[in-house]
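[1] Structure for the following, please:
(chains A and B)
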Amino acid sequence: MRERLPEPQAILQVYAVIVVMLSGWTIAAFLWKMSAWLLILNLGELLAIFSYGMLVNLIESLIVLSFLLALCILLPSRILRDVFVLRGTILSIGVIAAMMVFVVLNMRFGLQTRSSVLIGPFVVILLTALLLGSASKIRWLATGIPWISERLTIFLYILVPLFVILSAYVIFRNIA
Amino acid sequence: MSGLSRRDFLKASAALAASAALGKAARVLSSAHSQSVDRPNILILVFDAMSARHLSLYEYARETTPNLKKFAERSAVYHQHYAAGNFTTPGTASMLTGMYPWTHRAFNYRGMVDRALVRRNIFHLIGNEYTRFAFTQNLWADILLSQFEEDLDFHLPCDSFSQTVHSLVQPDDLGNDRHMAYYAFQDFLNPRVDDSRNFPGSLLIASADLARALATRDTASADYPRGLPTNYDYSYENASVLEGIGRLVQSKLLPSSPYLAYFHLWSPHDPYNARKDFIGIFQEALKLEPKSQHPLAGRSLSEQRLQEYRLEYDEFIADLDSEFGRLISSLESAGVLQNTYVIVTSDHGELFERGEFGHATALMYAPVTHIPLLISAPGQQTRVDVHSLTTNLDLLPTLLHILGKDIPEWVEGTVLPGFGGIEDLSRSIFPMMARDNAAFRPIEHATFSMINGTYELFFFKGYRDYADRFELYNLQEDPNELQDLFGKDITTASQMKDELLEAVSAANRNYQRMKS
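    Numbers count the residues shown, from 1 in each chain, chains lettered A, B, ... in the order given. You can find the predicted model right below:
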């Protein structure tokens, strides 16, 4: 089984992309709502909410990563495993961006018209599929995408300890 | 006689009438009390957003509540009962703590009682010799109940008796930290399908919930042409909820007697999704006096649209009333009512006028604060009408008094007339709306209201593009609040204004002192 998985460094790079995108979204939402919360919640309570957010981020990021690793195991290695940094990064960005577009379009138009909220994610998924097919043939993409994911690993040094500490805090709140 | 103002005269007249009625009330209720044992059960039914102004029980033109009227024949019926706030958080918190919103500080959307005051609640004061049970379908009320978790023996999840749950993750799943879990999930991570402007904190949960909502959004059915009743997080049927409550009382609570059970239902809160049997039951249009749009009306709806909403609301009340009738019949058949105080009330009312619809509005006119209160004592078979001014802060001291417990000095309500309380005709009550004001600071941006005798004074303070302003109405002579007397009845206006400003100032001063 281990042979079917990518190198740990490759997994780490792709995981960094996932974590940065998901946490970035959550932190933006947290800051967006904070002005209303400041009317009613104290700092300890704000920390508790943020902790729940980070715990959920940890779980979400592991789910997305597990999905990619499952694909690695299921697909022939030349399709994903051997080019995991490049295609894993594109897939992560594509899947998460499609969700972002879906939610943002819902925030803009609501669910009243299916086409308004579904066309955006569909376009993103189409672009992702195109990139997956062509990225290795386009030099600047083939080098640029792994470079970006490698740079993003720096955030893991901040976010992973934060995940662990804040998740422990949530667990403590629920067993205390 | 020269010192007797018109207002004093009206008060004195009301006092004479009320004292005669209350003498009868006291006799009837003491007779009912004598039939009960030492520790009666207490069953509180709160119907969210039920305005007394829309109940035929209180002379509304449409026959919305035949079953409540029937129940009233064995109850004390309070005719001038007002909520302390105009939406769930302040209204419910005041009922459960016996304090005004400016004291307990739960006056924002999703607000909480001041953390230093959470033991000041009915469940704590009743004590653990009672089995204390709580259930609400209203998530904002559930935040408050979660704050009182330490004083509850049973706290049922909000989605109990529901048909559909819209979100993957619910705060009820995290029982030990329920109120913070509420904020984390319902107010942060989960999307709100009804409010697309909301910025959900979790992409995966939001995408999954929205995808599911897209797949199942056509919720109208043959029985519910407008869709199932919903609190936007769960969908339910009134019949299921009230039948569930009936079963719960008989199978779980009765064996745990004595009990204090608090049931806070979502209906008739919007959306007003009545069952098909109740749609179209009110054919005749109401003859209502038109009211001009108020500058602080958030929606600026046309009179026609407001009347459509009003009709749907009335139909939904009739639907709920029908199920309430079935619940009372089943409890009566099971003998539950012989040893149980049954209290029926609401947390706030609903408004369809001046361009505004709903309740959490700057417009605190009577339909949004005037709520029903019926209390049926164990074995009571006679109706008693109480016309004196009461507020939902009074429920807590009344229950303590009934059970022979001491009433703490911090309680701001008084024992209800008819249950040991004396009628105080000089009493003032202070409903308020301060949803945009920080809970930790003095209140400077709010609509304050003060009711005294037959008069109601409003103080709109701190609204943007709207100069601070007072309005005064005589609720007896002008129940529709059309004639602003503030510049006309100078004596009354001046007296009430001084009293209200002093009360606001004291509340702000007290809170600052308490926090320091």
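[2] Report the distance from the strand or helix carrying residue A:10 to the chain centre.
    With the criterion set as DSSP states H and E, the secondary-structure element containing residue A:10 is helix A:8-37. Taking C-alpha atoms, centre = their mean, to the nearest Å, one finds the center of helix A:8-37 at 7 Å from the center of the full chain.
[3] List the buried residues of that helix.
    Along helix A:8-37, these residues count as buried under the neighbour rule (16 or more other C-beta atoms under 10 Å in any protein chain shown): A:10-23, A:25-27, A:29-30, A:33, A:37. C-beta coordinates here come from the backbone N, C-alpha and C atoms, glycine included.
[4] Show the contacting residues for the residue in chain A that chain B sits nearest to.
    Scanning chain A for proximity to chain B using C-beta to the nearest C-beta identifies residue A:52 as nearest, at 3.3 Å. If you count contacts by C-beta atoms under 8 Å, 6 or more residues apart in numbering or on different chains, residue A:52 has them with A:170, B:180-181, B:184-185, B:188-189.
[5] Report the buried members of those.
    Neighbour-count burial (16+ other C-beta under 10 Å) is assigned, among the contacts of residue A:52, to A:170, B:180-181, B:184-185, B:188-189.
[6] quick one: the helices in the chain?
    In the absence of a named chain, chain A is used. Taking DSSP state H as the criterion, chain A contains helices spanning A:8-37, A:43-74, A:89-109, A:114-134, A:139-175.
[7] actually it's chain B I care about, not the one you picked
    Secondary structure of chain B by DSSP H: the helices cover B:6-35, B:66-72, B:88-97, B:101-104, B:122-126, B:139-147, B:178-184, B:203-215, B:238-248, B:303-333, B:366-369, B:395-402, B:490-515.
[8] Point out the residues in the stretch 201-350 of chain B that sit beside chain A.
    Applying the criterion C-beta under 8 Å from any C-beta of the partner chain, the portion of the stretch 201-350 of chain B that neighbours chain A consists of B:201-207, B:210-211, B:213-214, B:217.
[9] ok so, going back, and which of the buried ones among the contacts of residue A:52 is nearest residue A:123?
    When these are ranked by distance to residue A:123 (C-beta to C-beta), residue B:189 comes first, at 26.4 Å.
[10] For the closest one, which non-adjacent residue is closest in space?
    Excluding its sequence neighbours, the residue lying closest to residue B:189 (C-beta to C-beta, 6 or more residues apart in numbering or on different chains) is residue B:202, at 4.0 Å.
[11] swap in residue B:85?
    Counting by C-beta to C-beta, 6+ apart, the residue nearest residue B:85 is residue B:91, at 4.4 Å.
[12] quick one: contacts for the one you found?
    With contact set as C-beta under 8 Å, 6+ apart, residue B:91 has these partners: B:83-85, B:346-348, B:371, B:392.
[13] confidence score at it?
    Note on residue B:91: pLDDT of 98.
[14] Not counting the worst-scoring helix or strand of chain A on mean pLDDT itself, show me its contacts.
    The weakest-scoring helix or strand in chain A, judged by mean pLDDT, DSSP states H and E, is helix A:114-134 (a mean of 91). By C-beta under 8 Å, 6+ apart, the surrounding residues in contact with helix A:114-134 are A:87, A:90-91, A:93-95, A:97-99, A:101-102, A:104-106, A:108-111, A:141, B:210, B:214.
[15] What subset of these is buried?
    Judged by neighbour count, with buriedness set by 16+ other C-beta under 10 Å, the buried members of the contacts of helix A:114-134 are A:87, A:90-91, A:93-95, A:97-99, A:101-102, A:105-106, A:111, B:210.
[16] Can you say which two of those residues are spatially most distant?
    Farthest apart among those by C-beta to C-beta are A:87 and A:111. That separation is 32.2 Å.
[17] Start and end of stretch B:146-155, how far apart?
    8 Å (C-alpha to C-alpha, to the nearest Å).
[18] Can you list the buried residues in it?
    Within stretch B:146-155, the residues scored as buried using 16+ other C-beta under 10 Å are B:146-149, B:151-152, B:155.
[19] How about stretch A:146-157?
    Of the residues in stretch A:146-157, those buried under the neighbour-count criterion (16+ other C-beta under 10 Å) are A:146, A:149-150, A:152-153, A:155-156.
[20] pLDDT added to these, as CSV?
    What follows is these, written out as CSV (pLDDT from 0 to 100):
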residue, pLDDT
A:146, 94
A:149, 95
A:150, 95
A:152, 96
A:153, 96
A:155, 96
A:156, 96
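[21] Pretty sure residue A:141 sits against residue A:135.
    Yes: counting by C-beta atoms under 8 Å, residue A:141 touches residue A:135, with 4.4 Å between them.
[22] Tell me who's in contact with residue B:410.
    Residue B:410 makes contacts with B:99, B:120, as judged by C-beta under 8 Å, 6+ apart.
[23] quick one: which of the buried residues of stretch B:146-155 is nearest residue B:74?
    residue B:152 (28.9 Å).
[24] and that closest one, how far is that from residue B:126?
    Using C-beta to C-beta, to the nearest Å, we find residue B:152 at a distance of 11 Å from residue B:126.
[25] if I look at these two, which residues touch both of them?
    Here residue B:152 and residue B:126 have residue B:132 as joint contacts, going by C-beta under 8 Å, 6+ apart.
[26] Can you tell me which residues in the stretch 351-500 of chain B are near chain A?
    Taking C-beta under 8 Å from any C-beta as the criterion, the stretch 351-500 of chain B approaches chain A at residues B:436-440.
[27] try 6 Å this time
    B:438-439 (C-beta under 6 Å from any C-beta of the partner chain).
[28] how about the strands in the stretch 351-500 of chain B?
    Secondary structure of the stretch 351-500 of chain B, counting by DSSP state E, counting those that start in this stretch: strands at B:351-353, B:356-358, B:373-376, B:384-391, B:428-429, B:432-433, B:446-452, B:455-461, B:469-474.
[29] What mean pLDDT does the second one get?
    In this model, strand B:356-358 has an average pLDDT of 93.
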